[in-house]
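Asker: A predicted structure for the sequence below; I have some questions about it.
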Amino acid sequence: MIKQNVIANTALNSPIANASFLNPQGKKWKKSLAADLLLTALIDAFSILVIFLLMNFSSNGEILFMKKDMELPKAALGDVLERNPVIKVEDGKVFLEEKMLTAEGLIAELLELRKNFKATHPAGEEMPNTITVQADRRTKYEALNQIVLACAHAGFSDLKFAVIMK
Amino acid sequence: MSQSKKHLDFELNLIPFIDLLSTCICFLLLTAVWLNVGSMNVKQAVGGQPASETPKKPTLWVFLGDKGDMTLETRDAQALPVNMRKLKLGGGTEGKVDLQALAAQLDLMKKSEPELKTALIQPRAQTAYEDIIDLMDQFKKSGMADLGVVPL
């Protein structure tokens, strides 16, 4: 009875059994040196990889440049980071867009930034009052305080502290 | 009349598919951003309107101590019971802020004063940046969206 059903025609005559070197059960045993690659499985795996990588793809590009030893603090409810002028604190030194500055120089440079924006953009367009602050998680607040004060002096009211999303 | 035997099934040439997928994978692997960077937004009061013209909103002031302790002081929150307007919270382990105790306290405050949405943090000079961000994150979790940092 088992010989008449589907299993008897499929599973019992498996391709592996037919191709066996020791006891071939196929009609004719031909020794073939060319092995057939299962390309369908390969394409399946590639497609899954492409879909996974596409989901992780970010079209924003790199907004922050970080040294290897810099660790940003972690937060669960952060917002999306946008491209704004970046003030970075690294080893106690302050950088505005990779240019090293003192606390006094920072205010002057921020005002200069605003002036340059007005010169290069049409009249009536206001520069966003947003600055991104990038600092190591172990940085003390006294180092950040000068940035908070400088931004307030230069009229930048919105600070965005860069964090790693949990 | 002889009938031509034409096979209807044909084999797809899979090699161009594999080429395309390999190129896609290489490109996506090279451009992948593994680090998800976000931002914690803080609004600072800069000049502008005189204090008398500014509408008074319930505000929570958080004064951080040296050992993770903090003082919570609520201003312009009339609905809040008097005993909740000024509180002291002890520090957590390793000199960090006790976020669980803070979350519990904020829940109680929000029940009494749902309009409490602004928090101003006054850190110490030696407060770690990470602790300030943790505190802000906790405030956001508790439904306080407007955050500020007070300069020293």
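Answerer: Yep, it's here. Residues are numbered from 1 along each chain as shown, chains lettered A, B, ... in the order given.
Asker: how about the helices in the chain?
Answerer: Since no chain was named, I'll use chain A. Remark: helices assigned in chain A by DSSP state H are A:6-9, A:15-18, A:39-56, A:103-120, A:141-154.
Asker: other chain: chain B
Answerer: Using DSSP H, helices in chain B cover B:15-31, B:99-112, B:129-141.
Asker: List the contacts of the longest one.
Answerer: Read that as helix B:15-31. A:L39, A:L42, A:I43, A:F46, A:S47, A:L49, A:V50, A:L53, A:L54, A:N56, A:F57 (Cβ atoms under 8 Å, 6 or more residues apart in numbering or on different chains). To be clear about C-beta, it is placed using only N, CA and C from the backbone, and glycine gets the same treatment.
Asker: contacts with chain B among those, please.
Answerer: A:L39, A:L42, A:I43, A:F46, A:S47, A:L49, A:V50, A:L53, A:L54, A:N56, A:F57 (Cβ under 8 Å from any Cβ of the partner chain).
Asker: low pLDDT regions in chain A?
Answerer: Applying pLDDT under 70 to chain A flags the ranges A:1-36, A:59-62.
Asker: Which strand in it has the most residues?
Answerer: strand A:158-165 (DSSP state E).
Asker: Report pLDDT for B:G90.
Answerer: You'll see B:G90 listed with a pLDDT of 82.
Asker: show me what contacts it?
Answerer: B:G90 neighbours (Cβ under 8 Å, 6+ apart): B:G68, B:D69, B:D98, B:A101.
Asker: surely the last one meets B:K88?
Answerer: No: with contact defined as Cβ atoms under 8 Å, B:A101 and B:K88 do not form a contacting pair (10.7 Å).
Asker: Those two: which has the busier surroundings?
Answerer: A count of neighbours by other Cβ atoms under 10 Å in any protein chain shown puts B:A101 above the other of B:A101 and B:K88, at 14 against 11.
Asker: Buried among the contacts of helix B:15-31? Make that a ChimeraX selection.
Answerer: To isolate the buried members of those in ChimeraX, using 16 or more other Cβ atoms under 10 Å in any protein chain shown:
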select /A:46,49,50,53
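Asker: which one of the contacts of helix B:15-31 is nearest A:E98?
Answerer: A:F57 (26.2 Å; Cβ to Cβ).
Asker: Quick check: the closest one touching A:V50?
Answerer: No: if you go by Cβ under 8 Å, A:F57 and A:V50 don't touch, sitting 10.2 Å apart.
Asker: Count the neighbours of the closest residue to chain B within chain A for me.
Answerer: Closest residue of chain A to chain B, Cβ to the nearest Cβ: A:G78 (3.0 Å). Neighbour count of A:G78, defined by other Cβ under 10 Å: 25.
Asker: again, but for B:A104
Answerer: Neighbours around B:A104, by other Cβ under 10 Å: 13.
Asker: now swap in the one 10 residues further on and tell me
Answerer: Residues near B:P114, counting by other Cβ under 10 Å, number 11.
Asker: which phi and psi does it have?
Answerer: In terms of degrees, to the nearest 10, the main-chain angles of B:P114 are phi -70, psi -20.
Asker: pLDDT value on it, please?
Answerer: 85.
Asker: rewinding a little: which of the ones next to chain B among the contacts of helix B:15-31 lies closest to A:N116?
Answerer: Once Cβ to Cβ is applied, the member of these that ends up nearest A:N116 is A:F57, at 32.7 Å.
Asker: Nearest residue to that closest one in space, please, no chain neighbours.
Answerer: B:L28 (6.1 Å; Cβ to Cβ, 6 or more residues apart in numbering or on different chains).
Asker: sorry, back to before: so does the longest strand of chain A get close to chain B?
Answerer: Yes: using Cβ under 8 Å from any Cβ, strand A:158-165 reaches chain B at A:D158, A:L159, A:K160, A:F161, A:A162, A:V163, A:I164, A:M165.
Asker: what's the closest non-adjacent residue to the fifth one?
Answerer: By that I understand A:A162. A:A162's closest residue in space is A:Q134 (Cβ to Cβ, 6+ apart), at 4.5 Å.
Asker: any idea how far the one you found is from A:K74?
Answerer: Taking Cβ to Cβ, to the nearest Å as the measure, A:Q134 falls 14 Å from A:K74.
Asker: the more surrounded of the two?
Answerer: Counted by other Cβ under 10 Å, A:Q134 and A:K74 do not tie: A:Q134 has more neighbours, with 24 against 16.
Asker: Now for that one: which residues touch it?
Answerer: Neighbours of A:Q134 in contact, by Cβ under 8 Å, 6+ apart: A:L64, A:M66, A:M70, A:L72, A:V86, A:I87, A:K88, A:V89, A:A162.
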